[in-house]
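# what's the 3D shape of this:
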Amino acid sequence: MSTQTFDVVGMTCGHCASAVTEELKALDGVNDVQVALVAGGTSAVTVAADRELTPAEVTSALDEAGDYSLAQ
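Presented below is the predicted three-dimensional model:
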């Protein structure tokens, strides 16, 4: 099992966190997603999965969820 934490920008509310969680959980091998929401700031998104996720996979899921991105 792999646990990774990604810094995500663009989330402002619980709905945003829900959308991001739903899209990440849809990725193959993902077991759990936890969001530490910082409205309007950089939120920590922790993903537990059977494998390591690539930044491209995470970026794609964030795009599907809305106007969110990995922090630079």
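# wasn't Ala39 part of a helix?
No - per DSSP: H, G, I helix; E, B strand; the rest coil, Ala39 lies outside any helix segment and is coil.
# give me the distance between it and Ala48.
24 Å (CB to CB, to the nearest Å). The way it works is simple: take the backbone N, C-alpha and C, and place the C-beta from them, glycine included.
# same thing with Ala19?
As judged by CB to CB, Ala19 and Ala48 stand 19 Å apart.
# these two - which one has more neighbours?
Ala19 (18 against 14; other CB atoms under 10 Å).
# contacts only, for that one.
Counting by CB atoms under 8 Å, 6 or more residues apart in numbering, Ala19 touches Ala65, Gly66.
# cool, and the one 10 residues further on?
For Gly29, the contact set (CB under 8 Å, 6+ apart) comprises Ala49, Asp50, Arg51.
# out of the residues you listed, grab the one that's most surrounded.
Among the contacts of Gly29, Ala49 has the most neighbours (other CB under 10 Å), with 20 neighbours.
# so which residues of this protein form strands?
Assigned by DSSP state E, the strands in the chain fall at 2-9, 30-36, 42-49, 69-70.
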